[in-house]
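Undergrad: Okay, here's the prediction I keep looking at, along with the sequence it came from:
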Amino acid sequence: MLDKIKQFASEFFVTGDPLILGAQVSIGLTMVAIVFVLTYFKKWGWLWREWLTSVDHKRIGIMYIICAILMLFRGGVDALLMRLQLAVPNAEFLHAEHYNQIFTTHGVIMILFMAMPLMFGLFNIVVPLQIGARDVAYPFLNSLSFWMFFWGAMLFNVSFIIGGSPDAGWLAYPPLSGLQFSPGVGQNFYIWGIQISGIGSLATGINFIVTILKMRAPGMKLMKMPMFTWSVFSSCVIIIFAFPILTVTLALLFLDRFVGAHFFTLDGGGNPMMYINLIWMWGHPEVYIVVLPAFGIFSEIVATFSKKKLFGYKSMVFAMFSISVMSFFTWAHHFFTMGSGADVNAFFALTTMAIAIPTGVKIFNWLFTMYRGRLSFPTPMLWTIAFIPCFVVGGMTGVLLSVAPADFQFHNSYFLIAHFHQVLIGGVAFGYFAGLYYWWPKMFGFQLNEHLGKWAFWLWNIGFYVCFMPQYILGLMGMTRRMYTYDFDMGWGPLNMVSTIGGFLMGIGFIFQVWQIAYSIKQNRRDTTGDPWDGRTLEWSIPSPAPVYNFAVVPQAGKLDDWWETKQQRANGNNPSDTVKPKYEPIHMPKNSGIPFIMSAFWFFAGFGFVWDWMWLTIPALVGVAICMLVRSFTYDTDYYIPVDEIERTERTLREAKV
Ligand code: HEA
Ligand code: HEM
Ligand SMILES: [Cu+2]
């Protein structure tokens, strides 16, 4: 009996590696510290009422962003561990198996649990404010989406301590990810962590499409929408078509592992190539899901800090939607070497190359917006300007990869690694950083310290090139991806050392960002204007941070860059709305609810049960999910009205704070 328990404990808890042990101890201590602080300051009730049950899009957005920053930290530590291992030939810092786990968790976390939530955080905070709405179309669903993401990410992360991390790469190709070659539970954590959070992502996609179509302020025609909102719309269109593919693919993989189905095994009539097609039918659109909103952010920032209308508005919208559609027709460029045949490869090579056209249109639009603008260079603009050359080079190397015959050489080499980090860091990460810096005062009501921000900016930028440029050369020298070490004779040592130094510069850049946030909280430079950047769109017309109901009176927005136009009219002394005293009406708002949190937690336990094949846990947890749904169906008291005197009071305090 004792032996059995011992054996179970050794399978259940990940042990043995001092590195992992150290991390486990620090995670444990952090948890204890958090519980202690919350209890000591009696903050549990506050946490539950104000945050965990909140359906306010602004708060949900902030929670997404906090999670994303934590995940950026974990993904970043993973990255630096790998870079340490690769810095010198024949290093013995990480074992092969440990290295496999680290690149797998790094890839999954960076894309699904860092980029996606950072993106959703910005969607949540900005879109309703930009279109003059009081919340998203389905606030309850919005909260459910967040908690499904959160608990899914938790389930994935818990594999680090319990059971062992997945190690079959970020897209888990079978047969490696099948039961035969990955008998442990790590791959189950992968499937269920992504599955649960993926449902949240799909729901967010639907929610924002409806929000953008149905909740715009009166007068705001589609072609008068701010460009960020357009980018969110185009990204969500991809989400609603791509995420169901992911869900189905992972469900099939799960059936293969769980009940011995043979969808992706060669024996029994299946075929692993089917998985590879399916996962890329999601995986390729996924990279455009994350990059399109970054394009939207750059568009807003370029216009604001050039003090000009965005150049080529219509062509921008058209380019974005062409990318949305085309992103579904290029997936096979990820496996030119699989043997689909020359015709298939040629087709996919051409469709891939074609995406360079709309992307190029956008690049030139940004450049023309800056041309003859009155430029200023605060941090959001710095990230935007740094993005352009970085993304152009990263995109161009993508076009090189899309040349199918050449890809037989580049495929799975460090050339590929350099390409995708260049578009993911130079495009996605820089874009979201720019967005965070830009909208930070709107989110929190105070401004970030620019001086520290510039340090972070330069460290990230220089670090990026130092880290990834050598990798193009390493790729051409024959270094393949996912290798945990290499021999001295290969001659890859010096360039790898340079690359590692660059990685650490970015790490220091991240530390500067955290310092910047902490310092700015202490410094507390309030944004009393609500419009610190002299912005153009509606979110800058209300105080920072926005009151719960966003707009005391629903704005009229007939023009592109409506807020800018209003300010121009005001400067000329002829804005009619200024002379009219605003007439408030009671505001209809959604009520907070604990169901999304609880229901998603039940999903977590159901997933955990599936991971270990513990039906005694899964079945009650699924019953819990069903009960939550029932309770919600019979809850009629889901909304309330904010009375006029309360609105008046809030607006008065906000106005007084302004002076
Ligand atoms: C945000 C993420 C992102 C973005 C935007 C892109 C954009 C592009 N990607 Fe990339 N890609 C990835 C993320 C991304 N990719 C990832 C993660 C992988 C690997 C995954 C893995 O295997 O694990 C990958 C892999 C990958 C491959 C597979 C290679 C292989 O496995 O062997 C290919 C091949 O065609 C490719 C091509 C392209 C192309 C053509 C673009 C184009 O969209 C680029 C278009 C942009 C430009 C070209 C620059 C600007 C344009 C101009 C200035 C106009 C003038 C230019 C011309 C006319 C050329 N990518
Ligand atoms: C600090 C910057 C970063 C560094 C130093 C870094 C480093 C690395 C390294 C060393 C690998 C493994 C290469 C291999 O052995 O094959 C890797 C893989 C990967 N990285 Fe990063 N990375 C960084 C940031 C990011 C970001 C921001 C993203 C996404 C938004 C990302 C996405 C990925 C993906 C998808 C993989 C592939 C994983 C796999 O092969 O399964 N990385 N990265
Ligand atoms: Cu692709």
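TA: Done, it's in. Ligands and ions are numbered 1, 2, ... in the order given.

Undergrad: Return the residue of this protein that is most distant from the centre.
TA: residue 1 (46.3 Å; Cα atoms, centre = their mean).

Undergrad: what about the residue in the chain positioned nearest to ligand 2, how many residues close to it?
TA: Going by Cβ to the nearest ligand atom, ligand 2 is nearest to residue 107 of the chain, at 2.9 Å. Placement of C-beta: from N, CA and C, glycine included. Other residues near residue 107 come to 17 when the count uses other Cβ atoms under 10 Å.

Undergrad: what about residue 457, which helix or strand?
TA: Assessed by DSSP states H and E, residue 457 sits inside helix 450-476.

Undergrad: So is that helix next to ligand 2?
TA: Yes - remark: helix 450-476 sits within contact range of ligand 2 at residue 467, by Cβ under 6 Å from any ligand atom.

Undergrad: That helix - contacts with which helices or strands?
TA: helix 379-401, helix 414-423, helix 430-444, helix 493-523 (3 or more Cβ pairs under 8 Å, 6 or more residues apart in numbering; DSSP states H and E).

Undergrad: Tell me what angle the first one forms with helix 430-444.
TA: Angle of helix 379-401 versus helix 430-444, following axes from the mean of the first three to the mean of the last three Cα atoms, to 10 degrees, is 150 degrees.

Undergrad: All the strands of this structure, residue numbers only.
TA: Applying DSSP state E to the chain gives strands spanning 587-590, 639-642.

Undergrad: Return the set of buried residues in the last one.
TA: Looking back up the chat, that one is strand 639-642. Neighbour counts over strand 639-642 (16 or more other Cβ atoms under 10 Å) mark residue 642 as buried.

Undergrad: Next, the angle from the longest helix seen in the chain to helix 379-401.
TA: The longest helix of the chain (DSSP state H) is helix 272-306. On the basis of the same axes, to 10 degrees, helix 272-306 is oriented at 140 degrees to helix 379-401.

Undergrad: Does helix 272-306 reach ligand 2?
TA: No - Helix 272-306 lies apart from ligand 2 when judged by Cβ under 6 Å from any ligand atom; the minimum separation is 7.2 Å.

Undergrad: Now do that helix: which elements does it pack against?
TA: Checked by 3+ Cβ pairs under 8 Å, 6+ apart, helix 272-306 has helix 116-130, helix 227-258, helix 313-326, helix 356-370, helix 379-401, helix 414-423, helix 430-444 packed alongside it.

Undergrad: quick one: average pLDDT of the first one?
TA: Just to be clear, that refers to helix 116-130. Average pLDDT, helix 116-130: 97.

Undergrad: So which elements touch it?
TA: Counting by 3+ Cβ pairs under 8 Å, 6+ apart, the packing neighbours recorded for helix 116-130 are helix 57-86, helix 139-158, helix 186-214, helix 227-258, helix 272-306, helix 430-444.

Undergrad: what's the second one packed up against?
TA: So that's helix 139-158. With contacts taken as 3+ Cβ pairs under 8 Å, 6+ apart, helix 139-158 sits against helix 57-86, helix 116-130, helix 186-214, helix 595-612.

Undergrad: That helix vs helix 57-86, what angle?
TA: Using the same axes, to 10 degrees, the inter-axis angle of helix 139-158 relative to helix 57-86 is 20 degrees.

Undergrad: picking up where we left off before, of all the helices and strands packed on helix 272-306, which gets the most neighbours per residue?
TA: Highest mean neighbour count among the helices and strands packed on helix 272-306 (mean count of other Cβ atoms under 10 Å): helix 116-130, with a mean of 27.

Undergrad: Tell me if I'm right that the residue of the chain closest to ligand 2 and residue 172 touch.
TA: No - counting by Cβ atoms under 8 Å, residue 107 stays clear of residue 172, with 10.2 Å between them.

Undergrad: Alongside ligand 2, which residues does this structure contribute?
TA: Within the chain, the positions near ligand 2 by Cβ under 6 Å from any ligand atom are 76, 79, 82-83, 103-104, 106-107, 110-111, 115, 169-170, 417, 421, 424-425, 428-429, 467, 481-482, 503, 506.

Undergrad: near ligand 1, from these?
TA: Among those, ligand 1 is touched by 424, 428 when using Cβ under 6 Å from any ligand atom.

Undergrad: wait, what's in contact with the closest residue to residue 419 other than its chain neighbours?
TA: Nearest residue to residue 419, sequence neighbours excluded (Cβ to Cβ, 6 or more residues apart in numbering): residue 397, at 4.4 Å. Neighbour list for residue 397: 415, 418, 419, 422, 472 [criterion: Cβ atoms under 8 Å, 6 or more residues apart in numbering].

Undergrad: Nothing else from me, thank you.
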